[in-house]
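Q: coordinates only, sequence not included:
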């Protein structure tokens, strides 16, 4: 009896309820071919025994797991939490759950994480700002519906949902130029998803304003450490910029800390702009000027594409590009004379 209670099986539930094993299986699968009284008897027996259906076996029987695998690059970045929240809002009413994993922005680790999700027989994959090669993601899309969020792709099999990062970067430069800045530097996102178009947008806008001689881009990353490293370089090498566009809000935190340690004031001595408009940027303590990405919408749209593919067998590939918006706060102002 002790072993039975410790590891109850479907047969134990059938014995406890006084019904057949096949009837228990029907109840566990949610079949409507079971009377209310029989369903109640089986569920009560399962509760008394502490029985949990075998998820793997149930998946094989139904040919569907009702689980969406979500790969994110950085567990510390609130941007990803907002995207995942949007995903959850879309899939929960449809009876799906999400399983989260990360590869910590390391291509090979991301690939292994994707492989693990596929081994779990998820019904779809959402890759949020992946650094893994597009070929790997395309390979996954041959198995299950796959959507890439935050990274542009022209694949005919991968769906994508992105923000117009190039235009967002241009808006940052436009804002700073309107305030009177010319010495505008950029701390980029390294090899992270979205880093290249933001860097391109910055460079193109600087040229468009006729200040290409002031173009100065240094390597950073989408982390606090990356932003801090980039800002230290800008403060010790060459003429100090009057404004800095940092690749994202998380990196901007690191950059602001370096500015503070150097005894400089924001925005009096140097204006700082981030990207994402996370809760960190909006806090009264930060007051960070930034570019808003509709993060919840990106998550909901990605999940919607997955569900549409599962439910309706969508064959066409959709590449959504959402418009950014500049949110001006206290971290930017006119350059000091």
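A: Great, that's in hand. Just so it is clear, the structure is predicted and the values come from calculations on it, not from any experiment.
Q: any chance you could map the helices in the chain?
A: Along the chain, counting by DSSP state H, helices occupy 2-6, 10-17, 21-28, 36-49, 55-62, 78-91, 107-119, 134-141, 165-178, 195-208, 224-236, 249-261, 279-282, 295-312.
Q: Nearest to residue 321, out of those helices?
A: Closest approach to residue 321 among those (C-beta to C-beta): helix 165-178, 9.1 Å. Heads up, the C-betas are built off the backbone N, CA and C, glycines and all.
Q: counting contacts, what elements does that closest one pack onto?
A: strand 184-187, helix 195-208, strand 243-246, strand 271-273, strand 290-292, strand 325-327 (3 or more C-beta pairs under 8 Å, 6 or more residues apart in numbering; DSSP states H and E).
Q: deepest of the ones you listed, which one?
A: Of these, the one with the most neighbours on average (mean count of other C-beta atoms under 10 Å) is strand 243-246, at a mean of 30.
Q: what comes into contact with that one?
A: 169, 172-173, 176, 179, 181, 183-187, 202, 220, 227, 230-231, 234, 252, 255, 270-275, 332, 335 (C-beta atoms under 8 Å, 6 or more residues apart in numbering).
Q: what's the closest of the helices of the chain to residue 318?
A: helix 295-312 (5.9 Å).
Q: which secondary structure elements does that closest one contact?
A: With 3+ C-beta pairs under 8 Å, 6+ apart as the test, helix 295-312 has helix 78-91, strand 124-128, strand 146-149, strand 159-163, strand 319-322 packed against it.
Q: Could I get the buried residue list for it?
A: For helix 295-312, the neighbour count (16 or more other C-beta atoms under 10 Å) marks 295-307, 309-310 as buried.
Q: try stretch 26-40
A: 26-28, 34, 38-39.
Q: so which of the helices and strands packed on helix 295-312 comes closest to residue 284?
A: helix 78-91 (16.1 Å).
Q: For that closest one, name the packing helices and strands.
A: strand 67-72, strand 97-102, strand 124-128, helix 249-261, helix 295-312.
Q: ok so, going back, quick one: which of the buried residues of stretch 26-40 is nearest residue 161?
A: residue 28 (35.4 Å).
Q: Could you report the separation of that closest one from residue 123?
A: With distances taken as C-beta to C-beta, to the nearest Å, residue 28 is found 19 Å from residue 123.
Q: Compare the helices and strands packed on helix 78-91 and report which one is nearest to residue 50.
A: Nearest to residue 50, of all the helices and strands packed on helix 78-91, is strand 97-102, at 21.1 Å by C-beta to C-beta.
Q: Give the pairing partners of that closest one; include direction for each.
A: With DSSP bridges as the test, strand 97-102 is paired with strand 67-72 (parallel).
Q: residues making contact with the partner strand?
A: 80, 83-84, 87, 91, 96-103, 110, 113-114, 117-118, 120-130, 303, 306.
Q: try 6 Å
A: When contacts are defined by C-beta atoms under 6 Å, 6 or more residues apart in numbering, strand 67-72 is touched by residues 80, 91, 96-102, 113, 117, 122, 124-128.
Q: Just the buried ones from the residues you listed?
A: Buried among the contacts of strand 67-72 (16+ other C-beta under 10 Å): 80, 91, 96, 98, 100-102, 113, 117, 122, 124-128.
Q: which of those lies closest to residue 320?
A: residue 126 (13.2 Å).
Q: Tell me what the closest one is bridged to.
A: residue 70, residue 147.
Q: quick one, what contacts it?
A: Residue 126 neighbours (C-beta under 6 Å, 6+ apart): 70, 147, 302.
Q: can I get the residues you listed in JSON lines with pLDDT and distance to residue 47?
A: Formatted as JSON lines, these follow (pLDDT from 0 to 100; distance: C-beta to C-beta, whole Å):
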{"residue": "70", "pLDDT": "97", "distance to residue 47": "31"}
{"residue": "147", "pLDDT": "95", "distance to residue 47": "37"}
{"residue": "302", "pLDDT": "95", "distance to residue 47": "36"}
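Q: Name the nearest of these relative to residue 76.
A: residue 70 (16.1 Å).
Q: Residue 121 - how many residues pack around it?
A: Neighbour count of residue 121, defined by other C-beta atoms under 10 Å: 17.
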